[in-house]
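Participant: Sequence first, predicted model second:
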Amino acid sequence: MTDRIITYFIVLLISITLSPAFLNSGVAWAQSTSQTIKVGESPQIIKYNPSNGDIYVANFGSGDISVIDSDTNKVISTIQVGSSPNALEYSVSNGDMYASNLDQVLAIDSNTNKVIQNIDAGDSPQFLKYNPSNGEVYVGNLGQILAIDSNTNKVIHTLHIPHGPIFLEYNPSNGDIYVASDPNSDSDTDVNGKVVVIDNATNKIIHTISVGKGPSFLEYNPSNGDIYVANSESGDISVIDSDTNKVISTIQVGSSPNALEYSVSNGDIYVANSESGDISVIDSDTNKVINTVETGDNLQNLVYNPSNGDIYVTSISNSDGSGKVVVINSDTNKVISTIDVGDDPQDIKYNPSNGDIYVANENSNNVSLIITTETNSTS
């Protein structure tokens, strides 16, 4: 009898303490920021390296890359890469990590964590994307796309891309690279943006697709094979069919969509609307918004966590710049947790080696570690 009474009061206490959204979420997961990892100055980009299981953090302010060991969650190496590293990309072809700064692209050996090649990449390289179809690393600078051969680490193709590029995405349906281009970014105009398609076999432009205004992010959807384009200025999403490379749908979302993430759990696309402070959920079958999740403040990036099926969103307070991560359950599309992180959180990544979430806090000069642990299922 005593044990039953104790159990009753424990259940009662949990029911009072936890929010209804958490209790009704199906499988419950405990979210906690258990550690803050000191890195370099102004960390902005995070990348997982499957060759060694480590996390690489590009520190824009200090001109270096911090390497975090997934087992200990401690910085085990600091790689000097020159001025302002702003992008990271891993190459399956050679197992190297590539970093861009304002002057060049550097190839980093995963075994030694040392720079093994400096590659001239034109004027202010800012974007990197690996193409598994041809084993090349694509670099976006101010007005060009460069293709780097992973075997030689030399530039083998150069393409002129007007007004950008703004973002690069790989499409596994056809093996091509998609490039967002925004004429409004460098000229006094008010016109629609473009998405340029680069053929993986010839490295030539084979399509130029008109999308909405201010394209800022691209995401491939494996449920239907389409490419989704976040148009930050027009407040909509353009859906490009991979077979025809034509826009088949334009979806109105919130104000200033600037990031997209696909959820394996439900097959939907999640859109972070930075100015309206909400998440639009797009059904892949109908390409319609089926839910809007209010989160508040200035939203930055999203990541899907396959360990628990949740979506994690970085958010910056409009009042003081403090950061938080909002956790959305994919089954209910409700906020189940809000986690305090550092100031001005930017990139957020999932680590398959340990199942944890890493957040780069630009103004705190650290990375927040979010550990996800399974608790009892609810009914």
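Facilitator: Looks like it came in fine. Numbering: from 1, shown residues only.
Participant: for the stretch 251-379 of the chain, which spans come out with low pLDDT?
Facilitator: Applying pLDDT under 70 to the stretch 251-379 of the chain flags residues 373-379.
Participant: What is the linear distance spanned by stretch 221-237 between its boundary residues?
Facilitator: With C-alpha to C-alpha, to the nearest Å as the measure, the ends of stretch 221-237 fall 13 Å from one another.
Participant: starting at the chain centroid, how far to it?
Facilitator: 14 Å (C-alpha atoms, centre = their mean, to the nearest Å).
Participant: buried set for that stretch?
Facilitator: Along stretch 221-237, these residues count as buried under the neighbour rule (16 or more other C-beta atoms under 10 Å): 221, 223-224, 226-237. Where you see a C-beta, it was placed from the backbone N, CA and C, and this is true even at glycine.
Participant: Identify the residues contacting Ser70.
Facilitator: Contacts for Ser70 (C-beta atoms under 8 Å, 6 or more residues apart in numbering) come out as 53-55, 351, 353-354, 356.
Participant: what's the most distant pair in those residues?
Facilitator: For the contacts of Ser70, the maximum inter-member distance is 12.5 Å, found between Asp54 and Asp356 (C-beta to C-beta).
Participant: Looking at those two, which has the bigger crowd around it?
Facilitator: Asp54 (23 against 20; other C-beta atoms under 10 Å).
Participant: and the gap between the closest residue to the more buried one other than its chain neighbours and Gly61?
Facilitator: Spatial nearest neighbour of Asp54, chain neighbours left out: Val67 (5.3 Å); criterion: C-beta to C-beta, 6 or more residues apart in numbering. Here Val67 is placed at a distance of 17 Å from Gly61 (C-beta to C-beta, to the nearest Å).
Participant: okay, these two: which has more neighbours?
Facilitator: For Val67 versus Gly61, neighbours defined as other C-beta under 10 Å are more numerous around Val67 (21 against 15).
Participant: Could you list which residues are in contact with that one?
Facilitator: With contacts defined as C-beta under 8 Å, 6+ apart, the neighbours of Val67 are 54-57, 75-79, 113.
Participant: Can you list the buried residues in the host helix or strand of it?
Facilitator: Element membership of Val67, judged by DSSP states H and E, is strand 64-68. Buried residues in strand 64-68, defined by neighbour count with 16+ other C-beta under 10 Å: 64-68.
Participant: Pull up the pairing partners for that strand, direction included.
Facilitator: In the sheet, strand 64-68 lines up against strand 54-59 (antiparallel), strand 75-80 (antiparallel) (DSSP bridges).
Participant: What mean pLDDT does it get?
Facilitator: Model confidence over strand 64-68, given as mean pLDDT, is 98.
Participant: Stretch 117-132 too?
Facilitator: Averaging pLDDT along stretch 117-132 yields 95.
Participant: Can you get me the start-to-end distance on it?
Facilitator: 21 Å.
Participant: Could you list the buried residues of it?
Facilitator: By neighbour count with 16+ other C-beta under 10 Å, stretch 117-132 contains the buried residues 117, 119, 121-122, 125-131.
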